[in-house]
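Visitor: below is the structure, and that's it, no one-letter string:
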């Protein structure tokens, strides 16, 4: 935890002093420090709403935002959930285009398999990921070494390529330990040091799901991640490394609960369909010969929920054309949950995401700081597909074609 005095830091322009005061990392000198070495570090804080910065427990993040570049809101892609948006951030493609359309998916070309985080074999299967090429794969192809400390997709050999350094996901690994692992990669000889790195924190998202966004538990989790980022900044300062840091979240969080649930088995005969995923939105496939029955039940007007055939999902969602998207998609009003039955309703989380990506509750964090960025710059809201071309420009590797555009962020760059 941070020292109590850190909470009283008011002058965020004194960035280095603020960060040093919030960290207990011992100073050290690394002999291979290089004035021309400016690694790009992408930090993800899963489920971090931008307004968490106003809770008075994130002095490091606030200092980086005030001293560098920020936006009041970065728009996630629909569905506003973890795997699709993490892959969007590092490919510049919307889920419909990169193929990671949900945290849970099925694919007729990979029969008998349901993709989900708990299915380790599926997570390691490159076929799920090969619809796009993330930053680290293109970087490695262009002789830029990468170090990926947890990121969806980083454990698979996407297009046959793995990062120079990576670790299998372990949610038990403490935030500071994740940072220490990444810092150790920066201690390698100059020829082996990564030019692009990531680190991922899931604690804020877990607290949001378990307790709801407006709780002490979320505030405490935000403070813990801020302390880990302070640890990162002090580790960089001690190594004389001036990194370009981009800090993002994948989505926000909304308050939910068992009292605000929509029961699918009360709307349609459960014998007529399979539910692939459910929560803030549901993906439903009719059983053979049952499409008309399911359509008749789902496509009516419902309180707190709207359903579409995949080809009729509103265009602004940029979703529904990929073969992996379920035949019917039902989106709940913010704060409500679509669940299979009453039993599932009793297990409903106190916080959720995946809603309309334009809703204020789903907006994501964006902060950038480092020698490549201008000082004290505020960007208008932008789509998260635009992070990818920025990352590629920072690592000086040509970006692949994507849904993003460097024009959304280039005004923030010193060059």
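Guide: The structure has been received and is ready for your questions. Everything numeric in this text was worked out from a predicted model, so none of it was measured.
Visitor: buried residues, stretch 286-296. List them.
Guide: Under the neighbour-count criterion of 16 or more other CB atoms under 10 Å, stretch 286-296 has 286, 290, 291, 293, 294, 295 buried. (Each C-beta comes from the backbone N, C-alpha and C, glycine too.)
Visitor: looking at those, which two lie furthest apart in space?
Guide: Within the buried residues of stretch 286-296, 290 and 295 form the most distant pair, 9.3 Å apart (CB to CB).
Visitor: do you know how far residue 128 is from residue 203?
Guide: Distance, residue 128 to residue 203, using CB to CB, to the nearest Å: 26 Å.
Visitor: tally of neighbours for residue 72?
Guide: 12 (other CB atoms under 10 Å).
Visitor: please disregard the earlier target; I meant residue 315.
Guide: 8.
Visitor: now do the helices in the stretch 201-350 of the chain.
Guide: 203-211, 216-238, 291-298, 342-345 (DSSP state H, counting those that start in this stretch).
Visitor: now the element after the least confident helix or strand in the chain by mean pLDDT, going C-ward?
Guide: None of the helices or strands of the chain scores lower by mean pLDDT, DSSP states H and E than helix 15-21, at a mean of 41. Next in sequence after helix 15-21, counting helices and strands by DSSP states H and E, comes strand 40-45.
Visitor: looking at the helices of the stretch 201-350 of the chain, which is closest to residue 172?
Guide: Once these are compared by CB to CB, helix 203-211 is nearest, at 11.2 Å.
Visitor: quick one, the closest one and helix 216-238 angle?
Guide: Computed by axes from the mean of the first three to the mean of the last three CA atoms, to 10 degrees, the angle separating helix 203-211 from helix 216-238 equals 180 degrees.
Visitor: list the helices and strands helix 203-211 packs on?
Guide: Helix 203-211 is packed against helix 216-238, strand 351-352, with contacts defined by 3 or more CB pairs under 8 Å, 6 or more residues apart in numbering; DSSP states H and E.
Visitor: the helices of the stretch 201-350 of the chain: which one's closest to residue 398?
Guide: helix 216-238 (26.9 Å).
Visitor: returning to what we had before: pipe the helices of the stretch 201-350 of the chain into TSV and attach mean pLDDT and distance to residue 379 per row.
Guide: Converted to TSV, these look like this (pLDDT from 0 to 100; distance: least, CB to CB, whole Å):
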stretch	mean pLDDT	distance to residue 379
helix 203-211	98	22
helix 216-238	98	20
helix 291-298	98	39
helix 342-345	96	40
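Visitor: looking at these, which is closest to residue 314?
Guide: Comparing the helices of the stretch 201-350 of the chain by CB to CB, helix 291-298 comes nearest, at 15.8 Å.
Visitor: who are the contact partners of the residue most central in space within the chain?
Guide: Nearest to the geometric centre of the chain sits residue 250, at 2.9 Å (CA atoms, centre = their mean). By CB atoms under 8 Å, 6 or more residues apart in numbering, residue 250 lies in contact with 44, 46, 47, 76, 80, 81, 82, 85, 86, 89, 364, 384.
Visitor: not counting sequence-adjacent ones, nearest residue to the third one?
Guide: So the one you mean is residue 47. Nearest residue to residue 47 in three dimensions, chain neighbours excluded: residue 205, at 3.1 Å (CB to CB, 6 or more residues apart in numbering).
Visitor: returning to what we had before: looking at the helices and strands packed on helix 203-211, which is closest to residue 410?
Guide: Among the helices and strands packed on helix 203-211, helix 216-238 comes nearest to residue 410, with 24.5 Å by CB to CB.
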